[in-house]
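Give me coordinates for this.
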Amino acid sequence: MAEQARTARSLAREAVHASILTAARARLTEEGPAQLSLRAVARDVGLVSSAVYRYFPSRDDLLTALLVLDYDELGAAVEAAEAPVDRADHVGRWVAACRAVRQWAIGHPGDFALLYGSPVPGYVAPQDTIEPASRTTHVLVRVVTDAWADVAGSELPPDWRLGAGPSIGARPGAPGSVADAVAYTRARGFHDDPSPEVVLRTLMAWTTVFGVLSFELFGHAVGSVTDPQAYFDEVVVRLAHDLGLADPR
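Here you go, the predicted model:
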């Protein structure tokens with residue numbers, strides 16, 4: 001009987017915990033991350049503030065829980081979209097992953113703003129948000145490194161070599177500018193000796209994808225982009241070719 005009572009209490013606590021997060025996510029969409037308030041969320045779920053504090057001692061604790069939830073949810077959506085695509089179809093994998101990012105962002109604009117919008121004043125995300133935040137990035141990086149692994153030993157195309165000419169416009173300091181990303185790619189086992197140029201282009205592509213989404217979701221593309229879905233797809237496909245996913249050689 002005691003075990004059943006504990007189970008019932010545990011289930012009730014989980015239900016309240018989930019309802020608080022649901023209400024907080026709704027607040028993100030309505031008001032934005034910077035305006036998130038524990039008192040307002042408590043009112044939304046019909047609790048007094050002191051009750052909510054038993055689940056989340058501070059606003060920062062609630063923000064951290066939302067970050068982990070959102071990063072994991074986005075990462076799972078991207079992984080699920082990319083996984084069924086033929087491993088040799090690197091462009092198809094890239095497009096599927098990027099489309100999943102957009103679909104999730106469109107469905108959760110407030111959450112997207114929390115993850116990739118302006119920082120919340122006074123809040124610093126703790127270390128335990130790093131792994132969930134990396135899930136989506138890892139899918140995109142894996143697609144690129146898989147493409148280059150399939151042609152291991154081949155040289156970069158002439159127009160990819162730094163300083164090859166005015167057409168590429170690369171600066172001599174470009175490799176050093178992404179040294180942290182090169183080290184991260186190596187440390188995580190994506191590639192034993194990643195080319196700084198490939199890493200540079202991957203980082204450029206990744207930030208472009210999220211930049212296009214930010215412009216769409218925050219209204220900056222109004223008056224310029226008539227069909228956001230078509231524009232996003234075109235950007236994503238062009239990025240895939242810039243990354244050499246169709247034929248890295």
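
What segments of this protein are helices?
Here the chain has its helices, by DSSP state H, at 2-31, 38-44, 49-53, 59-82, 90-107, 109-116, 130-149, 174-177, 179-187, 196-217, 228-242.

and the ones you listed, which one's lowest on average pLDDT?
Looking at the helices of the chain, the lowest mean pLDDT belongs to helix 174-177 (a mean of 70).

ok so, going back, quick one: which of the helices of the chain is nearest residue 124?
When those are compared for distance to residue 124 using Cβ to Cβ, the nearest one is helix 59-82, at 8.2 Å. C-beta: built from backbone N, CA, C; applies to glycine.

Show me which positions of the closest one end up buried.
Across helix 59-82, burial judged by 16 or more other Cβ atoms under 10 Å covers 59, 62-71, 74-75, 77-78, 81-82.

repeat for stretch 79-98
Buried residues in stretch 79-98, defined by neighbour count with 16+ other Cβ under 10 Å: 81, 82, 85, 90, 91, 92, 93, 94, 95, 96, 97, 98.

now, which of those residues sits nearest residue 47?
residue 81 (36.4 Å).

Please name the nearest non-neighbouring residue to that closest one.
residue 100 (3.6 Å; Cβ to Cβ, 6 or more residues apart in numbering).

What distance do you get for the one you found to residue 88?
Noted for residue 100: a distance of 20 Å to residue 88, by Cβ to Cβ, to the nearest Å.

ok so, going back, of all the helices of the chain, which one is nearest residue 122?
Across the helices of the chain, closest to residue 122 is helix 59-82 (Cβ to Cβ), at 8.1 Å.

Restrict that closest one to CA atoms and write it as PDB.
Output of helix 59-82 as PDB, limited to C-alpha atoms (Å, rounded to 0.1, in the frame of the first residue of the first chain):
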ATOM      1  CA  ARG A  59      13.200  31.300 -12.700                       C
ATOM      2  CA  ASP A  60      16.700  30.200 -13.800                       C
ATOM      3  CA  ASP A  61      15.900  26.600 -12.900                       C
ATOM      4  CA  LEU A  62      12.700  26.700 -15.000                       C
ATOM      5  CA  LEU A  63      14.700  28.200 -17.900                       C
ATOM      6  CA  THR A  64      17.200  25.400 -17.700                       C
ATOM      7  CA  ALA A  65      14.500  22.800 -17.700                       C
ATOM      8  CA  LEU A  66      12.900  24.400 -20.700                       C
ATOM      9  CA  LEU A  67      16.300  24.600 -22.500                       C
ATOM     10  CA  VAL A  68      17.000  20.900 -21.900                       C
ATOM     11  CA  LEU A  69      13.400  19.900 -22.900                       C
ATOM     12  CA  ASP A  70      13.500  22.000 -26.100                       C
ATOM     13  CA  TYR A  71      17.000  21.000 -27.200                       C
ATOM     14  CA  ASP A  72      16.200  17.300 -26.700                       C
ATOM     15  CA  GLU A  73      12.900  17.700 -28.500                       C
ATOM     16  CA  LEU A  74      14.400  19.500 -31.500                       C
ATOM     17  CA  GLY A  75      17.300  17.000 -31.600                       C
ATOM     18  CA  ALA A  76      15.000  14.000 -31.500                       C
ATOM     19  CA  ALA A  77      12.900  15.500 -34.400                       C
ATOM     20  CA  VAL A  78      16.100  16.100 -36.500                       C
ATOM     21  CA  GLU A  79      17.500  12.600 -35.800                       C
ATOM     22  CA  ALA A  80      14.100  11.000 -36.600                       C
ATOM     23  CA  ALA A  81      13.900  12.900 -39.900                       C
ATOM     24  CA  GLU A  82      17.500  12.200 -41.000                       C
END
